[in-house]
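# Give me a 3D structure for the following:
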Amino acid sequence: MNRTADNQSNGGTARIRAHLESLYGAHAASGVTAQVLQLLDEFRPRLPQLVARIGQSFDLMFDAVFNHMSAQGEWFLKFPADTSVYRNFFVTDEGSPDFSQAVRTRALPLLAAFQSATGLRKVWTTFNADQVNLNFKNPEGLLATLRALLCYVEEGARFIRLDAIAYLCKSIGTSCIHLPQTHYVVQLWRAVLDEIAPHVLLITETNVPHTDNISYFGNGTNEAQLVYNFALPPLVLHALLRARRQHPAFHPSGAQQVLSGDPSMFAVFRISLDRSERVLCLHNLANETLEISLPSEELGGERLWVNLISERVHRATYRGDLSFTLRPYDVLWLNAGCIGTTDRDQFFLCA
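Here you go, the predicted structure:
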């Protein structure tokens, strides 16, 4: 991983993010095989040194899976002894409660029965029977998650990803998703991190409609600093593919020139078969902002360029140069010619 970081940074200051998942204990998420867990167990004694070494070249993002934990984890293995501190660490229910309002993500039973010292106890398992849900009404359990967060900070976390956070708190008779109590817990975690480690950022993983998704920003300062935007990548890809399909310069037999320049930028100049249409495609491959300046003479002398997606106009300077600012991983496709050469209704607008 360090070799990859060295190759990607090219001696620059850009940082690469490494997402560390399933490293600090049993985790039964789908896709994590028994062989992987066995391998993790073998190198776990060396984990602090390995993480520290990776952190020299990467901004580390740790997975905080607090909605649930594995039924094979240490906390839950102590749960059956009803006299232990862990007896109330997990959400349990008796009888036959009405779960008709609860949002279900999978066609599996919401409760799973486990043997305890006092008999069978039904435990909430939102995703599957091996992922038991933590009880955030229990102060000891809440403090335990805070200690885990601070452990990640000590290990060098720059980002902490809150997995499946929307389902954190449960209450019979509700949807059991996006409850106010869940937001209060996120606000507590944010307040503690702001006080102790303000450089550490929370990012929520909520694959839900946009309004619900951005609700985890809170008031903009009291919950997560970042949220996943699952809808944006396919929308951006759709917009680019649609533009590519409709513009003559992207004809398979059209002329193409790969422009030299900053190694962090991939630049392609496309020309249609009849040479009447030209498109300049700029791609920022780096995790840092790039300032690009291109002589218009190299691009056919055209002084006016229009963004294929947003229709924003870019004009050459009085010296004839074209200047652009590309944000990290930005994509800029520019059409040479007059304003109005694209049909706004034909494309998705994207940031």
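# quick one, helices of the stretch 151-300 of the chain?
Secondary structure of the stretch 151-300 of the chain (DSSP state H, counting those that start in this stretch): helices located at 180-196, 210-214, 232-246.
# Out of those helices, indicate the one that is most buried.
helix 180-196 (a mean of 16; mean count of other Cβ atoms under 10 Å). From N, CA and C alone the C-beta is placed, and that goes for glycine too.
# Apart from its chain neighbours, what residue comes closest to the residue sitting nearest the centre point of the chain?
The centroid of the chain falls nearest to Tyr228 when counting by Cα atoms, centre = their mean (4.5 Å). Beyond its immediate neighbours in the sequence, the residue positioned closest to Tyr228 (Cβ to Cβ, 6 or more residues apart in numbering) is Glu205, lying 5.3 Å away.
# dump the residue contacts of that neighbour.
161-165, 228 (Cβ atoms under 8 Å, 6 or more residues apart in numbering).
# Tell me how far it lies from Leu226.
10 Å (Cβ to Cβ, to the nearest Å).
# hang on, the earlier thing: output the helices of the stretch 151-300 of the chain in JSON lines, with distance to Pro295 appended to each entry.
Listed next are these as JSON lines, based on distance: least, Cβ to Cβ, whole Å:
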{"stretch": "helix 180-196", "distance to Pro295": "47"}
{"stretch": "helix 210-214", "distance to Pro295": "41"}
{"stretch": "helix 232-246", "distance to Pro295": "25"}
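# could the ones you listed go into CSV alongside mean pLDDT?
CSV is the format used below for these (pLDDT from 0 to 100):
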stretch, mean pLDDT
helix 180-196, 97
helix 210-214, 92
helix 232-246, 84
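# Of these, which is nearest Val103?
For Val103, the closest of these is helix 210-214, at 10.8 Å, according to Cβ to Cβ.
# The residue in the chain sticking out farthest from the centre: what's it in contact with?
In terms of distance from the mean C-alpha position of the chain, Asp274 ranks first, at 43.0 Å (Cα atoms, centre = their mean). Listed by Cβ under 8 Å, 6+ apart, the contact partners of Asp274 are Pro248.
# What segments of the stretch 201-350 of the chain are strands?
Under the criterion DSSP state E, counting those that start in this stretch, the stretch 201-350 of the chain carries strands at the ranges 201-204, 226-227, 255-259, 265-271, 278-284, 290-295, 304-307, 313-315, 321-326, 331-336.
# Dump the ones you listed to a markdown table, plus mean pLDDT.
Shown next, in a markdown table, are the strands of the stretch 201-350 of the chain (pLDDT from 0 to 100):
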| stretch | mean pLDDT |
| --- | --- |
| strand 201-204 | 96 |
| strand 226-227 | 94 |
| strand 255-259 | 89 |
| strand 265-271 | 90 |
| strand 278-284 | 90 |
| strand 290-295 | 82 |
| strand 304-307 | 84 |
| strand 313-315 | 80 |
| strand 321-326 | 82 |
| strand 331-336 | 88 |
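# I'd like the ones you listed laid out as JSON lines, including distance to Ala157 and mean neighbour count.
Shown next, in JSON lines, are the strands of the stretch 201-350 of the chain (distance: least, Cβ to Cβ, whole Å; neighbours: other Cβ atoms under 10 Å):
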{"stretch": "strand 201-204", "distance to Ala157": "9", "mean neighbour count": "20"}
{"stretch": "strand 226-227", "distance to Ala157": "13", "mean neighbour count": "17"}
{"stretch": "strand 255-259", "distance to Ala157": "39", "mean neighbour count": "13"}
{"stretch": "strand 265-271", "distance to Ala157": "31", "mean neighbour count": "18"}
{"stretch": "strand 278-284", "distance to Ala157": "26", "mean neighbour count": "22"}
{"stretch": "strand 290-295", "distance to Ala157": "28", "mean neighbour count": "14"}
{"stretch": "strand 304-307", "distance to Ala157": "37", "mean neighbour count": "20"}
{"stretch": "strand 313-315", "distance to Ala157": "40", "mean neighbour count": "13"}
{"stretch": "strand 321-326", "distance to Ala157": "29", "mean neighbour count": "16"}
{"stretch": "strand 331-336", "distance to Ala157": "30", "mean neighbour count": "22"}
